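Got a sequence here, can you model it:
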Amino acid sequence: MTDSYTPDAAAQNWNSFVEQMNEQFMDAFEQNVEAQAEFVESWTETLETSIDDDEMTEGVKGYARAYEAWMDAAQQMVDRVNDSAQGEDVEVEEFRDIWLNTANEAFKEAMSTTAFAAATGESVQQALDIRQQADEAAESTLHDLGFATEGDIVEIGERLVELERRQHAVEQKLDRIIEELE
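Prediction:
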């Protein structure tokens, strides 16, 4: 059995490893930039329609802080790839942790602004309005089909409570009349 290990094979393996890490890093970096661009585009569209200039300014500052966090993460990634290329044992989990921690930090920066709160509030209000319209349409449809709706049941419940109140009042009056007659 011959040993096929040669310095050329080791260098070739190392070069292949570094090339693969660089490709993975660039793919991750590209995906990150695309995700940021989509987030900013969506956020900007929402904010343009729902907030005033002061909130917009604060929102832009929040995004700028988030962008700084992403750029810091990119620099950390480059540093760790260089460390790995220089022979340091770098765990793959470190790269994942850098992106996860940065995502948390970036979203915290963006979400902690009044602009984000205003946009979120408007989105929630729009969702509630849509839900109310859907509920009204469903109730109308059920009523037209002859089914008891939530509104019908609530009305019946209110009538029963009123009848019980009146019955109780009548019983009290009868009790007083009986006491007077005795």
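
Give me the spatial nearest neighbour of E139, chain neighbours excluded.
In this structure, E139 finds its nearest non-sequential neighbour in T149, 4.5 Å apart by C-beta to C-beta, 6 or more residues apart in numbering. Bear in mind the C-beta positions are built from the backbone N, C-alpha and C, glycine included.

Please enumerate residues in contact with the helix or strand containing T102?
In this assignment (DSSP states H and E), T102 forms part of helix 92-111. Residues outside helix 92-111 that contact it (C-beta atoms under 8 Å, 6 or more residues apart in numbering) are 25, 28, 32, 39, 43, 59, 62-63, 65-67, 69-70, 72-73, 76-77, 80, 116.

Who are the packing partners of the helix or strand hosting D83?
With the criterion set as DSSP H and E, the secondary-structure element containing D83 is helix 53-85. Helices and strands touching helix 53-85, by 3 or more C-beta pairs under 8 Å, 6 or more residues apart in numbering; DSSP states H and E, are helix 7-50, helix 92-111, helix 114-144.

Return the most buried member of the ones you listed.
Mean neighbour count (mean count of other C-beta atoms under 10 Å) peaks for helix 92-111 among the helices and strands packed on helix 53-85, with a mean of 15.

relative to helix 53-85, how tilted is that helix?
Interaxial angle of helix 92-111 relative to helix 53-85 (axes from the mean of the first three to the mean of the last three C-alpha atoms, to 10 degrees): 170 degrees.

would you turn the helices and strands packed on helix 53-85 into JSON lines with mean pLDDT and distance to V161?
Written out in JSON lines, the entries for the helices and strands packed on helix 53-85 read as follows (pLDDT from 0 to 100; distance: least, C-beta to C-beta, whole Å):
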{"stretch": "helix 7-50", "mean pLDDT": "71", "distance to V161": "42"}
{"stretch": "helix 92-111", "mean pLDDT": "79", "distance to V161": "45"}
{"stretch": "helix 114-144", "mean pLDDT": "81", "distance to V161": "21"}
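
can you redo the ones you listed as TSV with distance to S84?
Output for the helices and strands packed on helix 53-85, formatted as TSV (distance: least, C-beta to C-beta, whole Å):
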stretch	distance to S84
helix 7-50	7
helix 92-111	9
helix 114-144	37
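
Nearest to R176 among these would be which one?
Checking these against R176 by C-beta to C-beta gives helix 114-144 as the closest, at 43.2 Å.

counting contacts, what elements does the closest one pack onto?
Applying 3+ C-beta pairs under 8 Å, 6+ apart, one finds that helix 114-144 contacts helix 7-50, helix 53-85, helix 150-181.

Using TSV, lay out those helices together with distance to F95.
Conversion of the helices and strands packed on helix 114-144 to TSV gives the following (distance: least, C-beta to C-beta, whole Å):
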stretch	distance to F95
helix 7-50	7
helix 53-85	6
helix 150-181	53
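
sorry, back to before: any buried residues in the helix holding D83, and which?
55-56, 58-59, 62-63, 65-66, 69-70, 73-74, 76-77, 80-81, 84 (16 or more other C-beta atoms under 10 Å).
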